[in-house]
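Participant: With the input below, show me the fold.
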Amino acid sequence: QVRLVESGGGLVQAGGSLRLSCSASGSIFSINSMAWYHQAPGKQRELVARLVKGGTTYADSVKCRFAISTNNALNTVYLQMNSLKPEDTGVYYCNFNVLRASLFDRPYDAWGQGTQVTVSS
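Facilitator: Prediction:
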């Protein structure tokens, strides 16, 4: 089983910054990707940023403001959020797409519990 634990959300004024963290534990053979998703109130969950071996991708709405990164151990993913806007408000979920047992395993999506980010105007 793969467990993801998030931290770092909170209340911040528009223009401020927050850094989210997501630590993984459990049975992980290899990691295909790490990502952050945003779910605004009353809306569907949307991809914000993804990190793969080849690089990173970002939603247009957060380009040049958010940055996704990982640590050397590849068991923690971060989301640095700068120049926050009220529309960034919502719950942020981390996601690891992994192989749990071997190269022949079926990819598995693990999700964090979500962390609330509120940006006041």
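
Participant: how about Glu46, what does it touch?
Facilitator: Glu46 sits next to 37-40, 59 when contact means Cβ atoms under 8 Å, 6 or more residues apart in numbering. For every residue, glycine as well, the C-beta is placed using N, CA and C.

Participant: Please report which of those residues has the highest neighbour count.
Facilitator: His38 (25 neighbours; other Cβ atoms under 10 Å).

Participant: Take the contacts of Glu46 and keep only those in strands.
Facilitator: Taking DSSP state E, the ones among the contacts of Glu46 that sit in strands are 37-39.

Participant: In JSON lines: those residues, plus pLDDT.
Facilitator: Formatted as JSON lines, the ones in strands among the contacts of Glu46 follow (pLDDT from 0 to 100):
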{"residue": "Tyr37", "pLDDT": "98"}
{"residue": "His38", "pLDDT": "98"}
{"residue": "Gln39", "pLDDT": "98"}
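
Participant: Check the contacts of Glu46 against Gly8 and report the nearest one.
Facilitator: Using Cβ to Cβ, His38 is the member of the contacts of Glu46 that sits closest to Gly8, with 13.9 Å.

Participant: now the strands for this structure?
Facilitator: Residue ranges of the strands in the chain, as given by DSSP E, are 2-7, 10-13, 18-26, 30-39, 45-52, 55-58, 66-70, 76-81, 90-99, 108-111, 115-120.

Participant: And the third one, what does it pack against?
Facilitator: Going back to what we said before, that points to strand 18-26. Contact here means 3 or more Cβ pairs under 8 Å, 6 or more residues apart in numbering; DSSP states H and E; on that basis strand 18-26 packs against strand 2-7, strand 30-39, strand 76-81, strand 90-99, strand 115-120.

Participant: Buried residues in stretch 90-105, which are they?
Facilitator: Of the residues in stretch 90-105, those buried under the neighbour-count criterion (16 or more other Cβ atoms under 10 Å) are 90-96, 98-100.
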